[in-house]
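Colleague: sequence isn't available, so here's the structure alone:
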């Protein structure tokens, strides 16, 4: 991967993170999940790339893009944490209800 390809990949990742943030803001959880899958592809590419020596301008650009990615990630987490907690509560209630049905069913048999 060349330095240009690396920066282009970071920029694409940043754009996807922006789209993920918009999806989270709108409560479009399926879209968010699909975008997250696409992001994983970019992250995988970056992780597999050999380390590169970047010039000062390239390094500055990379740092700026990563900061944007991290800000968007933090915002996405802030929006998704309450939804995740809600889903965990619902799952707990469902499991509790199933245990009650199983216990009641065992007593009736």
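Modeller: Nice, I can see it. Quick caveat: nothing in here was measured; it's all calculated off a predicted structure. Residues are numbered from 1 along each chain as shown.
Colleague: may I ask you to name the longest helix in the chain?
Modeller: helix 56-108 (DSSP state H).
Colleague: can you name every helix or strand that that helix contacts?
Modeller: If you count contacts as 3 or more Cβ pairs under 8 Å, 6 or more residues apart in numbering; DSSP states H and E, helix 56-108 packs onto helix 3-26, helix 29-48. Where you see a C-beta, it was placed from the backbone N, CA and C, and this is true even at glycine.
Colleague: what about those, which gets the closest to residue 62?
Modeller: Between residue 62 and those, the shortest gap by Cβ to Cβ is with helix 3-26, which sits at 6.1 Å.
Colleague: any buried residues in the closest one, and which?
Modeller: Within helix 3-26, the residues scored as buried using 16 or more other Cβ atoms under 10 Å are 3, 6-7, 9-14, 16-21, 23-24.
Colleague: roughly how far does the most centrally placed residue in the chain sit from residue 52?
Modeller: Central residue of the chain (Cα atoms, centre = their mean): residue 36, 4.8 Å from the mean position. Remark: distance between residue 36 and residue 52 (Cβ to Cβ, to the nearest Å) = 26 Å.
Colleague: same check on residue 12?
Modeller: Counting by Cβ to Cβ, the gap from residue 12 to residue 52 is 17 Å.
Colleague: what's the answer for residue 10, then?
Modeller: Residue 10 is 12 Å from residue 52, by Cβ to Cβ.
Colleague: next one: residue 80
Modeller: Between residue 80 and residue 52 the computed distance is 33 Å (Cβ to Cβ).
Colleague: what is the burial count for residue 80?
Modeller: 16 (other Cβ atoms under 10 Å).
Colleague: so what's it up against?
Modeller: Each residue near residue 80 by Cβ atoms under 8 Å, 6 or more residues apart in numbering is listed here: 24, 32.
Colleague: redo that, cut-off 7 Å
Modeller: Residue 80 makes contact with residue 24 under the criterion Cβ atoms under 7 Å, 6 or more residues apart in numbering.
Colleague: low-confidence ranges in this protein?
Modeller: Across the chain, the ranges flagged by pLDDT under 70 are 90, 95-109.
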